[in-house]
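Visitor: 3D, please:
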Amino acid sequence: MLFAQDAKTSAPTPVSNEINGELPSWLRFGGEERARMEYIVGENFKVVDDLYLLNRLRLNMDVLPLPWLKFSFQAEDARVFGQNAIPAPASQKDAMDLRIGYLQLGGEENAVTLRAGRQSLDFGEGRLVADPNWSNVGKSFDAARLTLRHGQAKVDLFTAALVKIDPVNFDEPTPGEHFDGAYGSLGGLVPGATLEPYMFWRLEHGYKNEEGKLGNLDEKTIGLRWVGKLPLGFDYNAEVAGQTGSWAGDSIGAWTGHWVVGHTLADTRHRPRFFAEFNRASGDANSKDGTHGTFDSLFPSSHDKYGLTDLFCSSNIIHVRPGFQYTVRRGVTVGAAYDNFWLANGRDGLYVSGKIVARSANGAAGTHVGQEGDLQAQWMVSGATQFTVGYGRLFPGEFLDHTTSGVPYNILFLNLAQKF
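Guide: Residues are numbered from 1 along each chain as shown. Purely as a prediction, here's the structure:
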């Protein structure tokens with residue numbers, strides 16, 4: 001990523017300090033108002049443009065009657081104005097609803113912490129499971145999560161159900177769907193590094209196998225993330241995950257990998273950092289062999305994982321990305337990156353959010369998807385105010401030229417977030 005997403009939490013702001021200063025110590029309020037303009041040219045690789053405004057209001061309340069007991073709530077109102085699509089998709093609109101509402105026993109750093117209720121799940125870099133803060137509505141689960149800590153070791157055990165966004169009614173999970181797992185973090189085993197082994201188990205219904213028959217999904221994802229720092233300003237991040245189980249009766253055999261190496265120069269003022277990244281996610285080699293080979297990207301935070309255009313996901317993709325970041329002055333950072341994309345398997349399709357948007361069944365359309373240039377600047381006006389501007393342009397390659405109209409895709413966004 002060029003930059004981390006805007007932080008989900010922050011230090012108290014002048015507004016929240018003033019409000020909470022008049023309240024009992026066991027009651028705390030806060031919130032965030034965010035607006036983002038997005039201008040897209042070449043939507044669906046056609047001569048189509050779309051200019052719209054996203055707005056998101058979040059209101060937070062924490063009740064802490066005891067040092068080891070907390071009730072946390074977050075209401076959200078998400079809207080979109082001026083978009084071509086009518087009605088607006090659920091990924092962008094959700095009238096005032098309860099996004100977070102949980103009971104927590106134990107503090108954030110206690111040996112044992114239990115959190116039960118509607119909550120977010122964030123693990124690692126968010127490539128598989130995360131609450132995507134860039135999203136206009138985010139992602140939450142009705143879940144029970146047990147966190148165990150000892151020294152530099154931690155493990156999260158959870159059982160959950162994804163909350164489905166309903167723009168006009170109360171958001172609820174789909175009955176019969178489950179998402180369970182364990183995510184560990186081990187420090188100290190390797191100098192300057194943290195190892196994060198994990199296992200996720202997804203159970204859902206209404207899936208079609210390669211013969212078109214409906215059935216259930218029973219999918220296990222097992223992986224390891226390894227992140228650390230090296231001498232002379234180098235850093236690295238690697239993650240590999242494999243999937244097995246049953247896709248409506250078809251066997252599952254898929255995998256994905258993420259590797260990045262970075263180098264920060266010894267300039268404490270500007271901190272220039274160069275990085276090189278490689279991503280690969282498997283595709284399906286044969287649509288009639290009874291084996292599902294396309295990696296399922298689960299519930300990721302997809303923003304800027306595969307370029308600023310946010311077009312692709314961890315399914316049937318090969319992605320190469322060099323780039324750099326540079327701090328112009330305190331609070332102001334700029335970045336640029338070049339992206340190149342191929343299909344991992346030409347007989348499978350191109351996926352966006354787990355759905356095929358283009359395909360060549362015989363593989364004759366080639367595998368080169370396209371090339372992209374990204375530019376982004378971020379200004380931390382204060383601890384409570386953040387402004388981000390970015391531009392990404394995807395130049396279609398051979399595959400998109402053969403399977404779509406081949407029009408370049410462009411996105412320009414201006415994002416302003418204000419915490420209070």
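Visitor: Tell me, how many residues neighbour L59?
Guide: Neighbour count for L59, taken as other C-beta atoms under 10 Å: 17. Every C-beta, even on glycine, is put in place using the N, C-alpha and C of the backbone.
Visitor: what element comes up after the helix or strand that contains it heading to the C-terminus?
Guide: Element membership for L59, per DSSP states H and E: strand 49-66. On the C-terminal side of strand 49-66, the closest following helix or strand by DSSP H and E is strand 69-81.
Visitor: which strands and helices sit next to that next one?
Guide: Contacts defined by 3 or more C-beta pairs under 8 Å, 6 or more residues apart in numbering; DSSP states H and E place strand 69-81 against strand 49-66, strand 94-105.
Visitor: can you give me phi and psi for S405?
Guide: phi -70, psi -10 (degrees, to the nearest 10).
Visitor: which ones are touching it?
Guide: 45-47 (C-beta atoms under 8 Å, 6 or more residues apart in numbering).
Visitor: let's see it at 7 Å
Guide: 45-46 (C-beta atoms under 7 Å, 6 or more residues apart in numbering).
Visitor: What strand or helix carries the closest residue to A344 other than its chain neighbours?
Guide: Nearest residue to A344, sequence neighbours excluded (C-beta to C-beta, 6 or more residues apart in numbering): G283, at 4.4 Å. For G283, there is no enclosing helix or strand under DSSP H and E.
Visitor: residue boundaries of the helices in the stretch 301-420 of the chain?
Guide: 398-403 (DSSP state H, counting those that start in this stretch).
Visitor: so what's the residue nearest to H319 when sequence neighbours are not counted bridging to?
Guide: Leaving aside its chain neighbours, H319 sits nearest to N279 (4.1 Å; criterion: C-beta to C-beta, 6+ apart). When assigned by DSSP bridges, N279 has beta-bridge partners H258, H319.
Visitor: Based on its surroundings, how many neighbours for N279?
Guide: 22.
Visitor: What's the separation between it and Q378?
Guide: Going from N279 to Q378 by C-beta to C-beta, to the nearest Å gives 23 Å.
Visitor: before we move on, what about F274?
Guide: Where Q378 is concerned, F274 sits at a distance of 18 Å (C-beta to C-beta).
Visitor: Among these two, which residue is more densely surrounded?
Guide: Q378 (21 against 15).
Visitor: Quick check, the more buried one in contact with T388.
Guide: Yes. With contact defined as C-beta atoms under 7 Å, Q378 reaches T388; the gap is 4.9 Å.
Visitor: Do I have it right that the residue nearest to A344 meets W342?
Guide: No. G283 is not in contact with W342 according to C-beta under 7 Å; the separation is 10.4 Å.
Visitor: neighbour count winner among the two?
Guide: G283 (23 against 20).
Visitor: Would you mind saying which of the helices and strands packed on strand 69-81 lies nearest N216?
Guide: Comparison of the helices and strands packed on strand 69-81 against N216 by C-beta to C-beta identifies strand 94-105 as nearest, at 28.0 Å.
Visitor: Once you drop chain neighbours, what's closest to I356?
Guide: Nearest to I356 is G349, by C-beta to C-beta, 6+ apart, at 3.7 Å.
Visitor: Correction: the previous question concerned G262.
Guide: That would be F275: by C-beta to C-beta, 6+ apart, it lies 3.9 Å from G262.
Visitor: Contact partners for that neighbour?
Guide: 260-262, 323.
Visitor: do W342 as well
Guide: Contacts of W342 by C-beta under 7 Å, 6+ apart are 318, 367-369.
Visitor: Kindly provide the distance from the residue nearest to I356 to M37.
Guide: From G349 to M37 the distance is 31 Å (C-beta to C-beta).
Visitor: Which one's more surrounded, the two?
Guide: The residue with more neighbours, out of G349 and M37, is G349; 23 against 16, by other C-beta under 10 Å.
Visitor: Could you tell me the phi and psi values at the more buried one?
Guide: The phi/psi pair for G349 (degrees, to the nearest 10) reads phi -100, psi -180.
Visitor: from what I can see it touches R359, true?
Guide: Yes. With contacts counted by C-beta under 7 Å, G349 reaches R359, the gap being 3.5 Å.
Visitor: in stretch 381-400, what counts as buried?
Guide: By 16 or more other C-beta atoms under 10 Å, the buried positions in stretch 381-400 come out as 384, 386-394, 396-397, 399-400.
Visitor: and of the residues you listed, the nearest to T294?
Guide: Once C-beta to C-beta is applied, the member of the buried residues of stretch 381-400 that ends up nearest T294 is F399, at 15.9 Å.
Visitor: roughly how far apart are the spatially most central residue of the chain and G245?
Guide: Centroid-nearest residue in the chain, with C-alpha atoms, centre = their mean: S301, separated by 0.4 Å. According to C-beta to C-beta, S301 stands 24 Å off from G245.
Visitor: ok, now T268?
Guide: From T268 to G245 the distance is 49 Å (C-beta to C-beta).
Visitor: Which one of those two is surrounded by more residues?
Guide: G245 (19 against 7).
Visitor: Make sure the more buried one is actually in contact with T221.
Guide: No. The pair G245 / T221 is not scored as a contact, 8.8 Å apart, by C-beta under 7 Å.
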